[in-house]
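Enquirer: sequence plus predicted model, see below.
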Amino acid sequence: MSNTDNICKFITTKNLNEDITPLNFVYEKNKTAEKNLSILSAFAIYIVTSGSGIFSTMHTEHSIKKGDIFITLPSMPFAIQNIQNLKYIYITFIGSRFNKLREKHKISKSNNFFTGNESLIPFWETAIQSANESNISILSESVILYTIARLTEKEKKAPDKKANLAHAVKQKIDENYSDTNLSVITIAEELNYNDKYISTIFKKIFGTGFSDYLLDVRISHAIDFINAGLTNIKDIAFLCGFSDQFYFSKCFKKLKGVAPREFIKSKRIE
């Protein structure tokens with residue numbers, strides 16, 4: 001068998017409504033570049049072994065690479081797009097036990113993507129290569145349970161990691177607010193994270209969105225410049241990271257209730 005040939009092993013099912021019952025174990029090595037959404041009637045857990053692609057649902061999109069794990073739920077529309085030599089292994093399965101596990105570990109349509117799991121790839125590859133008719137059911141179930149256990153272990157350590165990431169993003173904003181090109185995308189690229197992931201973590205840690213915090217920082221500095229005696233609206237806007245003085249005025253009024261010119265006049269009267 002060629003190293004590039006897909007591996008697909010089907011499992012004889014028993015006790016379909018009990019425990020975790022694997023249905024098939026697949027090593028996908030020739031994924032097409034299709035973008036169409038698919039729907040499965042079972043759960044599925046995937047691990048990317050090499051290459052790159054995009055995992056998308058109706059509400060989210062993730063760039064995927066080696067070590068990423070994602071989980072799909074029954075009747076959940078999703079798509080896996082091959083960008084560059086994407087290869088991944090997956091197991092489809094059913095069973096009430098997994099419903100209890102995912103509720104316990106808060107696995108849902110919006111919390112189903114996990115990065116940095118390269119160490120699990122050899123385990124998955126060994127399992128699918130050695131699976132045969134007599135052991136495939138217990139092997140695939142073991143892979144599912146062990147993977148969930150490892151993800152849970154990582155999640156326990158994740159709060160500190162997520163908090164550190166959020167504070168790193170906050171520091172980038174505080175130090176670079178005057179850069180007109182600053183955005184969650186540019187920071188995500190610099191820190192090598194997905195921009196949607198950064199936005200989610202930032203809001204979770206600080207209770208405010210990335211864009212709202214950036215805007216607040218910029219307008220706060222604008223007030224500092226005005227208090228220091230600067231009165232040219234275009235200069236203030238530029239110093240605070242706005243390339244458009246009219247957009248700056250609109251944002252200023254939205255946050256402070258008055259236009260910057262009116263605010264400057266009020267300072268002169270004082």
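Expert: Yes, it's here.

Enquirer: only C-alpha atoms for contact and neighbour calcs from this point on.
Expert: Noted.

Enquirer: distance from stretch 112-122 to the middle of the chain?
Expert: Averaged C-alpha coordinates place stretch 112-122 at 13 Å from its chain's average position (C-alpha atoms, centre = their mean, to the nearest Å).

Enquirer: average model confidence for that stretch?
Expert: Averaging pLDDT along stretch 112-122 yields 92.

Enquirer: residues of it that come out buried?
Expert: Residues of stretch 112-122 classed as buried: 113, 114, 115, 117, 118, 120, 121 (neighbour count, 16 or more other C-alpha atoms under 10 Å).

Enquirer: likewise for stretch 150-170?
Expert: By neighbour count, with 16+ other C-alpha under 10 Å as the criterion, the buried positions of stretch 150-170 are 151, 162, 163, 165, 166, 167, 169, 170.

Enquirer: about what we covered before: quick check, nearest of the buried residues of stretch 112-122 to residue 235?
Expert: Minimum distance to residue 235 across the buried residues of stretch 112-122 is 42.6 Å, recorded for residue 115 (C-alpha to C-alpha).

Enquirer: for that closest one, which non-adjacent residue is closest in space?
Expert: Spatial nearest neighbour of residue 115, excluding adjacent residues (C-alpha to C-alpha, 6 or more residues apart in numbering): residue 68 at 4.4 Å.

Enquirer: mind pulling up the phi and psi values for the one you found?
Expert: Backbone torsions of residue 68, given as degrees, to the nearest 10, read phi -80, psi 140.

Enquirer: sorry, back to before: now pLDDT, secondary structure and distance to residue 196 too, for the buried residues of stretch 150-170, in CSV please.
Expert: Shown next, in CSV, are the buried residues of stretch 150-170 (pLDDT from 0 to 100; DSSP: H, G, I helix; E, B strand; the rest coil; distance: C-alpha to C-alpha, whole Å):
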residue, pLDDT, secondary structure, distance to residue 196
151, 84, helix, 20
162, 84, helix, 13
163, 87, helix, 16
165, 91, helix, 13
166, 93, helix, 13
167, 92, helix, 16
169, 95, helix, 13
170, 95, helix, 15
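
Enquirer: between these, which is closest to residue 37?
Expert: Closest approach to residue 37 among those (C-alpha to C-alpha): residue 151, at 26.0 Å.

Enquirer: residues contacting the closest one?
Expert: Shown in contact with residue 151 (C-alpha atoms under 8 Å, 6 or more residues apart in numbering): residue 114.

Enquirer: distance of it from residue 260?
Expert: Using C-alpha to C-alpha, to the nearest Å, one gets 50 Å for the distance from residue 151 to residue 260.

Enquirer: let me see the confidence value for the residue nearest to residue 115.
Expert: Note on residue 68: pLDDT of 95.

Enquirer: hang on, it packs against residue 113?
Expert: Yes. Counting by C-alpha atoms under 8 Å, residue 113 is a contact partner of residue 68 at 7.4 Å.

Enquirer: which residue ranges of the protein form strands?
Expert: 7-10, 21-28, 43-57, 61-65, 69-72, 78-94, 113-114 (DSSP state E).

Enquirer: now the ones you listed as TSV including distance to residue 195?
Expert: TSV is the format used below for the strands of the chain (distance: least, C-alpha to C-alpha, whole Å):
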stretch	distance to residue 195
strand 7-10	33
strand 21-28	27
strand 43-57	14
strand 61-65	9
strand 69-72	17
strand 78-94	18
strand 113-114	14
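
Enquirer: least reliable of the ones you listed going by mean pLDDT?
Expert: Looking at those, the lowest mean pLDDT belongs to strand 7-10 (a mean of 67).

Enquirer: who's in contact with residue 203?
Expert: By C-alpha under 8 Å, 6+ apart, the residues touching residue 203 are 209, 210.

Enquirer: switch the cut-off to 6 Å
Expert: If you count contacts by C-alpha atoms under 6 Å, 6 or more residues apart in numbering, residue 203 has them with residue 209.
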